[in-house]
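A.B. asks: Structure of the sequence below:
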Amino acid sequence: MRWALVKVCLAVTVMVVVAFAVPLGLVVKEMARDRAFSDAERQAAMIGPTLSITTDRAELETAVLTTEPGAAGRMAVHVPAAGEADSRAVEIGSRRSTRKDLETVRESGRASITEVSGGSALLQPTALGSGGIAVVEVFVPDDEVSNGVATAWLMLAGVGIALIVGSVAVADRLGVRMVEPARRLAGAAQDLGEGRLGTRVPEEGPTELHSAAVAFNSMADQVVQLLANERELAADLSHRLRTPLTVLRLNAASLGEGPAAEQTRAAVEQLEREVDTIIRTAREQRPQTQGQGGGPGAGCDASEVIRARMDFWSALAEDEGREVRLAGVDRTVRIPVARPELAAALDALLGNVFRHTPEGTAFAVDVHHSGDAVIVLVSDAGNGIADPRAALARGGSGRSGTKGAVGSTGLGLDIVRRVAESTGGDVRIGRSVLGGTEVRVWIALDGQRPKGRGHRVGRQRRAVTRRAGPRFRSGAGPNL
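C.D. replies: Model (predicted):
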């Protein structure tokens with residue numbers, strides 16, 4: 001399309017240049033010819049006053065030599081004889097035209113131009129005092145007739161070429177302005193069809209393509225919204241099923257021994273595996289949406305979400321005699337993560353604590369806002385993770401020394417890692433100040449991975465711990 005537009009513009013411009021340049025070139029040539037013969041007529045007229053006074057050869061020669069063509073040997077004067085008694089005709093200069101041409105001009109009394117060798121001759125009739133007609137002949141060479149024509153034609157050719165080149169450049173720019181938006185729109189449609197739902201098209205270009213880009217972006221937003229609703233439904237399923245199942249499993253563990261208790265525990269484990277399969281399937285089928293942060297407008301107050309989830313888990317902690325600490329949630333902390341995703345990640349971390357540490361094990365949740373990121377620290381006083389690197393690599397809990405743990409779906413840390421990485425952050429596992437495991441979730445606020453933050457995290461973590469010390473309560477929920 002781009003080159004087709006360039007070719008059309010080139011053809012039109014060439015036609016216009018030819019249509020104007022060729023006639024203009026002919027006009028320039030004709031003007032040069034008219035100028036040359038006008039000068040010749042003017043030079044011939046300068047001899048007229050002398051001829052009207054005298055026909056003396058010496059005086060006429062002097063008058064001829066005073067003119068520019070006469071001095072150059074390009075002027076001749078033909079004076080006929082005064083009468084039959086006087087047969088002497090006066091001829092001054094070199095005659096180039098034929099006698100027939102001279103007689104024709106003398107009889108008609110009108111000036112004439114005749115072709116001669118090497119150029120043209122202007123024959124100008126002039127009346128004599130004696131009543132006769134003399135003819136002044138001025139030779140005009142061909143190079144004088146075409147003087148300046150070649151230069152004018154070169155200038156016209158240069159202007160024409162400049163116009164053609166300029167039109168091609170303008171057509172190319174116009175083609176790019178039209179083709180590039182269309183190409184981006186086609187590429188975005190292909191990306192969207194391949195599941196890259198974060199694809200958007202700049203709303204620019206001609207009116208039609210601008211409207212198409214607006215419609216495409218609106219359609220993509222609708223698709224993202226529909227998929228976001230599905231993700232929220234899956235997250236809601238995780239919240240409504242996984243958490244009650246954890247409570248049910250903990251209660252089943254206290255039923256004691258016996259066939260009924262074993263059947264109950266086996267049924268709970270089977271139900272938990274089925275729910276894990278459903279959740280795993282939903283997450284595996286989740287397409288990539290609008291990129292980091294879930295798109296424009298996505299986000300939540302991390303403090304509010306953490307307080308809400310801790311309200312739920314603190315009740316279970318009280319039943320199991322766990323000490324709970326919550327710090328850093330006394331002010332609003334906006335993060336580019338959707339509320340359901342943050343809640344699912346927090347439930348996964350706290351669920352791991354309850355599933356893989358003995359009853360009575362203390363745990364803590366600390367939140368720290370560092371300016372360019374929000375750090376969420378989930379710590380426990382359990383036995384820790386034997387191989388943190390391997391556990392994080394496979395996305396599983398990988399804890400050692402657990403009580404009654406069932407098979408893991410590998411979703412716990414994977415959910416958390418996906419949430420952190422969607423903002424440009426990460427997840428790390430280490431040893432907590434409580435003696436067990438510490439999972440640090442780094443949520444970037446600007447989508448950039450901060451540099452050199454490893455040493456700073458430790459200082460921030462210790463500072464948070466010191467500030468949050470008085471909030472540690474034994475056998476109760478957090479002091480909200």
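
A.B. asks: Next, the distance between the ends of stretch 44-52.
C.D. replies: 13 Å (CA to CA, to the nearest Å).

A.B. asks: which SS state does the residue nearest to the spatial centre of the chain fall under?
C.D. replies: For the chain, P202 is the residue whose C-alpha lies nearest the centre (CA atoms, centre = their mean; 7.6 Å). Following DSSP: H, G, I helix; E, B strand; the rest coil, the label given to P202 is coil.

A.B. asks: so who does it touch?
C.D. replies: For P202, the contact set (CB atoms under 8 Å, 6 or more residues apart in numbering) comprises P181, R184, A213. Glycine gets a C-beta too; all of them are placed from N, C-alpha and C.

A.B. asks: Contact partners for the second one?
C.D. replies: Listed by CB under 8 Å, 6+ apart, the contact partners of R184 are V201, P202, A213.

A.B. asks: and if you look at R57?
C.D. replies: By CB under 8 Å, 6+ apart, the contact list for R57 reads V90, I92.

A.B. asks: can you rerun that using 10 Å?
C.D. replies: Taking CB atoms under 10 Å, 6 or more residues apart in numbering, we find R57 in contact with V77, V79, R88, V90, E91, I92.

A.B. asks: where does the closest residue to the fourth one other than its chain neighbours land on pLDDT?
C.D. replies: Here the nearest residue to V90 in space, its sequence neighbours aside, is V79; by CB to CB, 6 or more residues apart in numbering that works out to 3.8 Å. At V79 the predicted local distance difference test score is 86.

A.B. asks: Do I have it right that V79 meets P125?
C.D. replies: No: the pair V79 and P125 does not pass the contact test of CB atoms under 10 Å, sitting 11.7 Å apart.

A.B. asks: Between these two, which has more neighbouring residues?
C.D. replies: Comparing V79 with P125 by other CB atoms under 10 Å, the one with more neighbours is V79, at 23 against 20.

A.B. asks: Contact partners for that one?
C.D. replies: Neighbour list for V79: 51, 55-57, 60, 88-92, 126, 128, 130, 132-136 [criterion: CB under 10 Å, 6+ apart].

A.B. asks: where does it fall, phi/psi-wise?
C.D. replies: With angles defined as degrees, to the nearest 10, V79 sits at phi -110, psi 120.

A.B. asks: try V116
C.D. replies: V116 adopts backbone torsions of phi -130, psi 170, taken as degrees, to the nearest 10.

A.B. asks: again, but for A19
C.D. replies: Torsion angles, degrees, to the nearest 10, at A19: phi -60, psi -30.

A.B. asks: Tell me the spacing between it and V170.
C.D. replies: Separation of A19 from V170 (CB to CB, to the nearest Å) stands at 19 Å.

A.B. asks: Those two: which has the busier surroundings?
C.D. replies: More crowded of A19 and V170, by other CB under 10 Å: V170, with 13 against 10.

A.B. asks: Packing partners of the helix or strand where I113 lies?
C.D. replies: According to DSSP states H and E, I113 maps onto strand 112-116. Strand 112-116 sits against helix 2-45, helix 99-108, strand 119-127, strand 133-141, with contacts defined as 3 or more CB pairs under 10 Å, 6 or more residues apart in numbering; DSSP states H and E.

A.B. asks: To T246, which of these lies closest?
C.D. replies: Proximity to T246 (CB to CB) singles out helix 2-45 among those, at 61.3 Å.

A.B. asks: angle of the closest one against strand 119-127?
C.D. replies: Put simply, helix 2-45 runs at 40 degrees to strand 119-127, going by axes from the mean of the first three to the mean of the last three CA atoms, to 10 degrees.

A.B. asks: Let's see the pLDDT reported for H455.
C.D. replies: So H455 comes in at 40 (pLDDT).

A.B. asks: And Q222, by the same measure?
C.D. replies: Per the predicted model, pLDDT is 87 at Q222.

A.B. asks: just checking, it is part of a strand?
C.D. replies: No: in this structure, Q222 is helix, not part of a strand, as judged by three-state DSSP.

A.B. asks: list the buried ones in stretch 19-39?
C.D. replies: Neighbour-count burial for stretch 19-39, with 16 or more other CB atoms under 10 Å as criterion, is recorded at A21, G25, V28, K29, A32, R33, A36, F37, D39.

A.B. asks: need these in TSV with distance to I335 and pLDDT, can you?
C.D. replies: TSV is the format used below for the buried residues of stretch 19-39 (distance: CB to CB, whole Å; pLDDT from 0 to 100):
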residue	distance to I335	pLDDT
A21	68	79
G25	74	82
V28	76	83
K29	80	83
A32	82	85
R33	86	84
A36	88	85
F37	92	85
D39	91	87
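
A.B. asks: any chance of the residues you listed in a markdown table, with distance to E257 too?
C.D. replies: What follows is these, written out as a markdown table (distance: CB to CB, whole Å):
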| residue | distance to E257 |
| --- | --- |
| A21 | 108 |
| G25 | 113 |
| V28 | 117 |
| K29 | 120 |
| A32 | 123 |
| R33 | 126 |
| A36 | 129 |
| F37 | 132 |
| D39 | 132 |
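
A.B. asks: how much space between L392 and T246?
C.D. replies: From L392 to T246 the distance is 22 Å (CB to CB).

A.B. asks: wait, I meant R339
C.D. replies: According to CB to CB, R339 and T246 sit 21 Å apart.

A.B. asks: so where's the stretch 151-300 of the chain shaky on pLDDT?
C.D. replies: The stretch 151-300 of the chain contains residues with pLDDT under 70 at 176, 231-232, 234-240, 242-243, 277-298.

A.B. asks: got the contact list for G48?
C.D. replies: A63, Q124, P125, T126, A127, A134, V136.

A.B. asks: what's the most distant pair in those?
C.D. replies: Farthest-apart pair in the contacts of G48 is A63 and P125; separation 16.9 Å (CB to CB).

A.B. asks: Need the phi and psi values for the residue lying closest to V77 once chain neighbours are set aside.
C.D. replies: The shortest distance from V77 to any non-neighbouring residue, by CB to CB, 6+ apart, is to I92 (4.3 Å). Main-chain torsions, I92, degrees, to the nearest 10: phi -120, psi 130.
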